[in-house]
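1. Predicted structure and sequence below. I'll ask about it afterward.
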Amino acid sequence: MKFSTVVIAGLFLVPAAAASAQGVNDAQIASIVVTANQVDIDAGKLATTQASDPEIKKFGQQMVTDHTGVNKQAVDLVTKLKVTPEDNPTSKSLKSGGDDNLKNLKGLKGAEFDKAYIDHEVAYHQAVLDAVDKTLIPGAQNAELKALLVKVRPAFVAHLEHAKHVQASLKK
Amino acid sequence: MNPHTRIVVVVSLVAAVALLSISVGHGAAVKPAKHTVTIEAVAFKPDVVEAKRGDTIVWTNNDPFPHSVTAAGKFDSKEIKPGESWTYKVQQSGEVPYICTLHPTMKATLRVK
């Protein structure tokens, strides 16, 4: 019962964050992008050491690699644009949701960990994708920042589909 | 020149010109071509390449993370790091679907005549 409550609470944090991101400026968007990537990097790192299914470990490693690459590109751009990422309710909510997810995952082992990790990855990528579409791309003022968001969006789509595929394979 | 001889000469000339143009055309057709495919925004662009045996295809990864160019049992680039390229010389005819093993949603086709 406790496990379910924590998972459900964790999943709800992300859509709530996306919904509250109306009217964000470029500095806040930069913070949301960097935080969203970092949260998934941290979960991926945990999966590489704690997952039992090789596919989950592989997926986790790929999340670390891909989101690190995206983050480097994002940081390079905001540095060039002289934009300082600014904390905001969405980035804070993403961070605390990520922390809750890690805390929950650290208490799980074997198949239970694998399922909780991949279920969260599916929900997380869907929620971030919604935020990218509804808030971040429409809200970005700087053309280069907007272009970066448009360019990295397919990565979130690919990760979501990949996560769903791995999730389905676990159920077999 | 009698009419018969004239016909023979004309036919020979036409045949010679035809042979020459076939030879020139053929020469252009066998010259290997280089095709480029950009890997960007988690997609192969273009997603269909038409080539012939002996041509080379160069895939360049413009994304900030690795990709692969993999056709099971045919060719496999392994990981292509950001900013790097991989070259393949086309060896066999037919339609070859390929994917990125790291992002299986990335699908494309190499069509070899």
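-> Arrived safely, thanks for sending.

2. count of neighbours near the nearest residue to A:G60 once chain neighbours are set aside?
-> Nearest residue to A:G60 in three dimensions, chain neighbours excluded: A:A47, at 2.8 Å (C-beta to C-beta, 6 or more residues apart in numbering or on different chains). Heads up, the C-betas are built off the backbone N, CA and C, glycines and all. Using other C-beta atoms under 10 Å in any protein chain shown, A:A47 has 25 other residues around it.

3. and A:A47, what does it touch?
-> Residues near A:A47 by C-beta atoms under 8 Å, 6 or more residues apart in numbering or on different chains: A:56-57, A:59-61, A:63, A:105, A:113, A:117.

4. please redo it, this time with the cut-off set to 6 Å
-> Taking C-beta atoms under 6 Å, 6 or more residues apart in numbering or on different chains as the criterion, A:A47 is in contact with A:56, A:60, A:117.

5. so the second one is in which element?
-> Taking DSSP states H and E as the definition, A:G60 sits inside helix A:54-80.

6. what distance separates that helix from the centre of its chain?
-> Chain-centre distance of helix A:54-80: 10 Å, with C-alpha atoms, centre = their mean, to the nearest Å.

7. From the contact counts, what lies against the helix or strand that that helix is followed by?
-> Using DSSP H and E, the helix or strand that directly follows helix A:54-80 along the chain is helix A:89-106. Secondary-structure packing of helix A:89-106 (3 or more C-beta pairs under 6 Å, 6 or more residues apart in numbering or on different chains; DSSP states H and E): helix A:2-19, helix A:26-50, helix A:110-131.

8. Quick one: mean pLDDT for the last one?
-> Okay, so that is helix A:110-131. Mean pLDDT, computed over helix A:110-131, is 96.

9. tally of neighbours for A:D133?
-> That count, for A:D133 with other C-beta under 10 Å as the rule, works out to 14.

10. before we move on, back to that, model confidence at the residue nearest to A:G60, what's the number?
-> On pLDDT, A:A47 comes in at 98.
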